[in-house]
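**Q** Sequence plus predicted model, see below.
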Amino acid sequence: MQLCPICNEAISNPICINCLEQELLNWARDQDKKLVTGIRKLRNSLDVFDLGEERCIKCNAEMNICSHCFLTEVPKIIRDENLKNIFRKSFISF
């Protein structure tokens, strides 16, 4: 099992940041279209990490970081506190 280079934890939820980005972009278009650019920039900024042997369960692409590390960065680009709460309930809380 591959370790995430950011948190050094095993990638146990193997959904790549490209698949997550698509879900986030769909969500952002419904919530606040201004977030679309920020989400794309965030995902692009994480392309610096080498791809590993872990594969995405949705698209089978090689992965570089865990979904948790990607998703915990998203609230930093959301200015509205209510929208941050909606995001957390939609993507992080179970």
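**A** Perfect, I can see it now. Everything numeric in this text was worked out from a predicted model, so none of it was measured.

**Q** Just give me the neighbour total for Ile11.
**A** If you count neighbours by other CB atoms under 10 Å, Ile11 ends up with 24. Bear in mind the C-beta positions are built from the backbone N, C-alpha and C, glycine included.

**Q** for Asn26, same thing?
**A** If you count neighbours by other CB under 10 Å, Asn26 ends up with 11.

**Q** per-residue confidence at it?
**A** Here the pLDDT value assigned to Asn26 is 95.

**Q** and the longest helix along the chain, what does it pack onto?
**A** Secondary structure of the chain read by DSSP state H shows that its longest helix is helix 17-31. Here helix 17-31 touches helix 35-45, helix 67-73, helix 81-87, going by 3 or more CB pairs under 8 Å, 6 or more residues apart in numbering; DSSP states H and E.

**Q** Okay, angle between the longest one and helix 17-31 too, please.
**A** In this case it means helix 35-45. Orientation check (axes from the mean of the first three to the mean of the last three CA atoms, to 10 degrees): helix 35-45 against helix 17-31 gives 170 degrees.
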